[in-house]
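**Q** Structure here, sequence nowhere to be found:
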(Lines give C-alpha, C1' and ligand atoms only; values in the text may rest on other atoms or scores of the structure.)
Protein backbone atom coordinates (compact mmCIF):
# COMPACT_ATOMS: atom_id res chain seq x y z
CA UNK A 1 0.00 0.00 0.00
CA UNK A 2 2.77 2.41 0.95
CA UNK A 3 5.73 3.45 -1.16
CA UNK A 4 8.93 1.60 -0.26
CA UNK A 5 10.65 4.93 0.34
CA UNK A 6 7.87 6.46 2.47
CA UNK A 7 10.30 6.96 5.35
CA UNK A 8 13.45 7.51 3.32
CA UNK A 9 16.03 9.57 5.28
CA UNK A 10 13.94 9.23 8.44
CA UNK A 11 15.22 7.77 11.70
CA UNK A 12 12.74 5.94 13.94
CA UNK A 13 13.18 4.70 17.51
CA UNK A 14 11.02 1.78 18.67
CA UNK A 15 11.17 0.93 22.36
CA UNK A 16 10.56 -2.71 23.23
CA UNK A 17 11.50 -3.47 19.65
CA UNK A 18 13.06 -6.87 20.15
CA UNK A 19 9.85 -8.94 20.05
CA UNK A 20 6.09 -9.01 19.46
CA UNK A 21 4.40 -5.79 18.44
CA UNK A 22 7.58 -3.73 18.72
CA UNK A 23 9.46 -6.08 16.39
CA UNK A 24 6.64 -5.91 13.83
CA UNK A 25 6.65 -2.10 13.98
CA UNK A 26 10.41 -1.91 13.54
CA UNK A 27 10.23 -4.31 10.60
CA UNK A 28 7.58 -2.26 8.81
CA UNK A 29 9.54 0.97 9.22
CA UNK A 30 12.62 -0.72 7.77
CA UNK A 31 10.66 -2.10 4.83
CA UNK A 32 9.40 1.41 4.12
CA UNK A 33 12.87 2.94 3.97
CA UNK A 34 13.54 4.16 7.52
CA UNK A 35 16.66 3.76 9.58
CA UNK A 36 15.54 2.13 12.84
CA UNK A 37 16.89 2.04 16.38
CA UNK A 38 15.44 -0.50 18.80
CA UNK A 39 15.92 -0.72 22.54
CA UNK A 40 14.91 -2.96 25.44
CA UNK A 41 16.44 -3.99 28.74
CA UNK A 42 17.99 -7.37 27.87
CA UNK A 43 21.07 -6.99 25.71
CA UNK A 44 21.45 -10.47 24.22
CA UNK A 45 17.94 -10.89 22.74
CA UNK A 46 17.95 -7.22 21.73
CA UNK A 47 21.11 -7.60 19.68
CA UNK A 48 19.82 -10.83 18.14
CA UNK A 49 16.65 -9.01 17.06
CA UNK A 50 18.68 -6.13 15.61
CA UNK A 51 20.70 -8.62 13.55
CA UNK A 52 17.50 -10.22 12.21
CA UNK A 53 15.92 -6.85 11.45
CA UNK A 54 19.03 -5.67 9.61
CA UNK A 55 17.96 -7.96 6.76
CA UNK A 56 15.23 -5.40 6.00
CA UNK A 57 17.28 -2.22 6.37
CA UNK A 58 19.70 -0.34 8.64
CA UNK A 59 18.93 -1.24 12.26
CA UNK A 60 20.96 -0.40 15.36
CA UNK A 61 20.23 -1.18 18.99
CA UNK A 62 21.19 -0.16 22.51
CA UNK A 63 20.01 -1.68 25.80
CA UNK A 64 17.91 0.81 27.74
CA UNK A 65 15.72 0.70 30.84
CA UNK A 66 13.14 3.39 30.08
CA UNK A 67 12.51 3.82 33.82
CA UNK A 68 16.01 5.26 34.29
CA UNK A 69 16.52 8.77 32.95
CA UNK A 70 20.29 8.40 32.66
CA UNK A 71 19.87 5.40 30.37
CA UNK A 72 17.32 7.25 28.24
CA UNK A 73 19.74 10.16 27.95
CA UNK A 74 22.51 7.74 26.96
CA UNK A 75 20.22 6.37 24.25
CA UNK A 76 19.60 9.89 22.93
CA UNK A 77 23.37 10.46 22.81
CA UNK A 78 23.84 7.15 20.98
CA UNK A 79 21.25 8.09 18.36
CA UNK A 80 22.80 11.53 17.87
CA UNK A 81 26.28 10.03 17.41
CA UNK A 82 25.12 7.21 15.12
CA UNK A 83 22.46 8.95 13.06
CA UNK A 84 22.53 12.69 13.79
CA UNK A 85 18.77 13.02 14.13
CA UNK A 86 15.53 11.35 15.21
CA UNK A 87 12.22 11.82 13.40
CA UNK A 88 9.87 9.22 14.90
CA UNK A 89 9.49 7.82 18.41
CA UNK A 90 7.29 4.78 19.06
CA UNK A 91 6.77 4.11 22.76
CA UNK A 92 5.98 0.42 22.78
CA UNK A 93 7.95 -0.79 25.82
CA UNK A 94 5.90 -1.73 28.85
CA UNK A 95 4.83 -4.55 31.06
CA UNK A 96 2.05 -5.73 33.34
CA UNK A 97 0.64 -8.78 35.04
CA UNK A 98 -2.92 -9.93 35.79
CA UNK A 99 -4.02 -9.25 39.36
CA UNK A 100 -7.17 -8.53 41.33
CA UNK A 101 -6.93 -4.94 42.53
CA UNK A 102 -7.24 -5.85 46.22
CA UNK A 103 -4.10 -8.00 45.98
CA UNK A 104 -1.79 -5.62 44.10
CA UNK A 105 1.15 -4.77 46.38
CA UNK A 106 2.83 -1.38 46.60
CA UNK A 107 5.79 -2.80 44.68
CA UNK A 108 3.57 -4.32 42.00
CA UNK A 109 1.61 -1.11 41.52
CA UNK A 110 4.71 1.08 41.44
CA UNK A 111 6.53 -1.24 39.02
CA UNK A 112 3.76 -1.06 36.42
CA UNK A 113 3.16 2.69 36.81
CA UNK A 114 6.90 3.35 36.66
CA UNK A 115 7.33 1.26 33.53
CA UNK A 116 4.23 2.09 31.53
CA UNK A 117 3.62 5.72 32.51
CA UNK A 118 6.83 7.17 33.91
CA UNK A 119 9.08 5.41 31.42
CA UNK A 120 6.96 6.60 28.51
CA UNK A 121 7.11 10.18 29.78
CA UNK A 122 10.87 10.03 30.32
CA UNK A 123 11.35 8.81 26.76
CA UNK A 124 9.06 11.50 25.32
CA UNK A 125 10.71 14.28 27.32
CA UNK A 126 14.30 13.31 26.61
CA UNK A 127 13.87 12.59 22.89
CA UNK A 128 11.86 15.76 22.39
CA UNK A 129 14.44 17.92 24.16
CA UNK A 130 17.31 16.26 22.31
CA UNK A 131 15.72 16.15 18.84
CA UNK A 132 12.12 17.13 18.16
CA UNK A 133 11.95 20.57 19.80
CA UNK A 134 15.27 21.81 18.34
CA UNK A 135 14.35 20.32 14.94
CA UNK A 136 10.86 21.88 15.10
CA UNK A 137 9.63 18.51 13.84
CA UNK A 138 8.84 15.09 15.23
CA UNK A 139 6.24 12.36 15.40
CA UNK A 140 5.41 10.29 18.48
CA UNK A 141 3.17 7.23 18.64
CA UNK A 142 2.35 5.71 22.04
CA UNK A 143 1.16 2.12 22.33
CA UNK A 144 -1.49 1.96 25.07
CA UNK A 145 -4.27 -0.62 25.55
CA UNK A 146 -8.03 -1.14 25.38
CA UNK A 147 -8.94 1.13 28.31
CA UNK A 148 -12.16 2.50 26.81
CA UNK A 149 -14.38 0.81 29.43
CA UNK A 150 -11.75 0.26 32.12
CA UNK A 151 -9.33 -2.64 32.46
CA UNK A 152 -10.69 -5.21 34.96
CA UNK A 153 -7.96 -7.56 36.11
CA UNK A 154 -5.22 -5.06 35.36
CA UNK A 155 -6.16 -1.88 37.18
CA UNK A 156 -2.51 -0.87 37.48
CA UNK A 157 -1.82 -0.89 33.75
CA UNK A 158 -5.26 0.58 33.03
CA UNK A 159 -4.36 3.57 35.19
CA UNK A 160 -0.92 3.88 33.60
CA UNK A 161 -2.20 3.64 30.03
CA UNK A 162 -4.97 6.14 30.75
CA UNK A 163 -2.25 8.48 31.98
CA UNK A 164 -0.37 8.03 28.71
CA UNK A 165 -3.53 8.70 26.72
CA UNK A 166 -4.11 11.97 28.59
CA UNK A 167 -0.45 12.89 28.16
CA UNK A 168 -0.91 12.30 24.43
CA UNK A 169 -3.81 14.76 24.31
CA UNK A 170 -2.02 17.32 26.45
CA UNK A 171 1.23 17.33 24.48
CA UNK A 172 -0.62 17.31 21.16
CA UNK A 173 -1.82 20.80 22.08
CA UNK A 174 1.19 21.99 24.08
CA UNK A 175 3.80 20.95 21.51
CA UNK A 176 1.99 21.77 18.27
CA UNK A 177 4.03 24.98 18.32
CA UNK A 178 7.15 22.81 17.96
CA UNK A 179 5.84 20.90 14.93
CA UNK A 180 5.41 17.74 17.01
CA UNK A 181 2.51 15.37 16.42
CA UNK A 182 1.65 12.78 19.05
CA UNK A 183 -0.98 10.04 18.87
CA UNK A 184 -1.76 6.73 20.54
CA UNK A 185 -2.61 3.27 19.25
CA UNK A 186 -4.75 1.07 21.50
CA UNK A 187 -4.45 -2.61 20.58
CA UNK A 188 -7.01 -5.16 21.66
CA UNK A 189 -5.89 -8.73 22.33
CA UNK A 190 -3.08 -9.38 19.86
CA UNK A 191 -1.69 -12.75 18.80
CA UNK A 192 1.92 -12.07 19.76
CA UNK A 193 4.67 -13.34 22.03
CA UNK A 194 3.24 -11.13 24.79
CA UNK A 195 0.43 -13.64 25.37
CA UNK A 196 2.92 -16.37 26.23
CA UNK A 197 3.71 -14.79 29.60
CA UNK A 198 0.30 -15.62 31.07
CA UNK A 199 -0.50 -18.79 33.09
CA UNK A 200 -2.52 -21.68 31.55
CA UNK A 201 -5.82 -20.60 33.13
CA UNK A 202 -5.51 -17.16 31.53
CA UNK A 203 -4.52 -18.80 28.23
CA UNK A 204 -7.78 -20.79 28.35
CA UNK A 205 -9.68 -17.56 28.99
CA UNK A 206 -8.08 -16.07 25.89
CA UNK A 207 -9.36 -18.96 23.78
CA UNK A 208 -12.92 -18.33 24.99
CA UNK A 209 -12.45 -14.59 24.50
CA UNK A 210 -11.43 -15.16 20.89
CA UNK A 211 -14.77 -16.85 20.18
CA UNK A 212 -16.65 -13.98 21.83
CA UNK A 213 -14.76 -11.20 20.06
CA UNK A 214 -16.96 -9.18 17.66
CA UNK A 215 -14.84 -10.20 14.67
CA UNK A 216 -14.32 -13.74 15.96
CA UNK A 217 -10.55 -13.42 16.16
CA UNK A 218 -7.69 -11.56 17.79
CA UNK A 219 -5.52 -9.05 15.99
CA UNK A 220 -1.99 -9.48 14.66
CA UNK A 221 1.16 -7.55 15.42
CA UNK A 222 1.27 -6.51 11.77
CA UNK A 223 -2.19 -4.91 12.04
CA UNK A 224 -0.98 -2.81 14.97
CA UNK A 225 2.15 -1.90 13.01
CA UNK A 226 -0.06 -0.77 10.10
CA UNK A 227 -1.80 1.73 12.37
CA UNK A 228 1.49 2.99 13.78
CA UNK A 229 2.94 3.49 10.32
CA UNK A 230 -0.11 5.49 9.25
CA UNK A 231 0.05 7.78 12.29
CA UNK A 232 3.80 8.26 11.84
CA UNK A 233 3.54 9.05 8.14
CA UNK A 234 2.78 12.28 6.25
CA UNK A 235 -0.61 10.74 5.38
CA UNK A 236 -1.78 11.74 8.87
CA UNK A 237 -0.10 15.15 8.89
CA UNK A 238 -3.22 16.89 10.28
CA UNK A 239 -3.94 14.23 12.90
CA UNK A 240 -2.70 14.68 16.46
CA UNK A 241 -3.97 13.93 19.97
CA UNK A 242 -6.08 10.90 19.05
CA UNK A 243 -6.23 7.27 20.17
CA UNK A 244 -6.75 4.78 17.35
CA UNK A 245 -8.26 1.49 18.53
CA UNK A 246 -7.01 -1.60 16.70
CA UNK A 247 -9.23 -4.22 18.32
CA UNK A 248 -11.98 -5.34 15.96
CA UNK A 249 -14.61 -3.37 17.95
CA UNK A 250 -13.69 -5.16 21.19
CA UNK A 251 -13.74 -1.89 23.13
CA UNK A 252 -17.37 -1.36 22.11
CA UNK A 253 -18.89 -4.79 22.65
CA UNK A 254 -17.05 -7.34 24.77
CA UNK A 255 -17.32 -8.89 28.24
CA UNK A 256 -14.31 -7.44 30.05
CA UNK A 257 -14.75 -9.60 33.15
CA UNK A 258 -13.18 -12.71 31.63
CA UNK A 259 -9.80 -12.17 33.27
CA UNK A 260 -11.41 -11.49 36.67
CA UNK A 261 -13.37 -14.75 36.41
CA UNK A 262 -10.25 -16.69 35.36
CA UNK A 263 -8.20 -15.34 38.26
CA UNK A 264 -10.93 -16.09 40.78
CA UNK A 265 -11.17 -19.64 39.47
CA UNK A 266 -7.40 -20.02 39.91
CA UNK A 267 -7.83 -18.98 43.56
CA UNK A 268 -10.57 -21.53 44.10
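**A** Ah, there it is. As the structure is a prediction and not an experimental result, all values here were calculated from the model. Residues are numbered from 1 along each chain as shown.
**Q** Which pLDDT value belongs to the residue lying closest to residue 188 once chain neighbours are set aside?
**A** Residue nearest to residue 188 in three dimensions, not counting chain neighbours: residue 247, with 2.6 Å by Cβ to Cβ, 6 or more residues apart in numbering. (Each C-beta comes from the backbone N, C-alpha and C, glycine too.) As predicted, residue 247 sits at a pLDDT of 95.
**Q** now residue 90, what's its secondary structure?
**A** Three-state call for residue 90 (DSSP: H, G, I helix; E, B strand; the rest coil): strand.
**Q** That one contacts residue 13, doesn't it?
**A** Yes: in this structure residue 90 lies within contact range of residue 13 using Cβ atoms under 8 Å: 6.9 Å.
**Q** Hmm, residue 72 and residue 15 touching each other?
**A** No: contact criterion Cβ under 8 Å: residue 15 and residue 72 do not qualify, at 9.5 Å.
**Q** Any chance you could list residues touching both of these two?
**A** 64, 66, 123 (Cβ atoms under 8 Å, 6 or more residues apart in numbering).
**Q** from those residues, which is closest to residue 133?
**A** residue 123 (14.3 Å; Cβ to Cβ).
**Q** where's the closest one relative to residue 14, distance?
**A** 11 Å (Cβ to Cβ, to the nearest Å).
**Q** again, but for residue 232
**A** Residue 232 is 10 Å from residue 14, by Cβ to Cβ.
**Q** Next: residue 49.
**A** Using Cβ to Cβ, residue 49 is found at 10 Å from residue 14.
**Q** Low-confidence ranges, this protein, go.
**A** 193-196, 268 (pLDDT under 70).
**Q** how about the residue nearest the centre of the chain, what does it touch?
**A** Closest to where the C-alpha atoms of the chain average out (Cα atoms, centre = their mean) is residue 92, at 2.2 Å. If you count contacts by Cβ under 8 Å, 6+ apart, residue 92 has them with 14-17, 21-22, 25, 143.
**Q** Could you do residue 130 as well?
**A** By Cβ under 8 Å, 6+ apart, residue 130 lies in contact with 73, 76, 79-80, 86.
**Q** can you give me phi and psi for it?
**A** Per-residue torsions, residue 130: phi -80, psi -30 (degrees, to the nearest 10).
**Q** hmm, back to that, residue 232 and residue 14: who's more crowded?
**A** More crowded of residue 232 and residue 14, by other Cβ atoms under 10 Å: residue 14, with 35 against 27.
**Q** Please settle this for me: is the more buried one part of a strand?
**A** Yes: per three-state DSSP, residue 14 lies within a strand segment.
**Q** Can you name the residues bridging to it?
**A** Judged by DSSP bridges, the bridge partners of residue 14 are residue 38, residue 90.
**Q** pretty sure residue 251 contacts residue 243?
**A** No: if you go by Cβ under 8 Å, residue 251 and residue 243 don't touch, sitting 9.8 Å apart.
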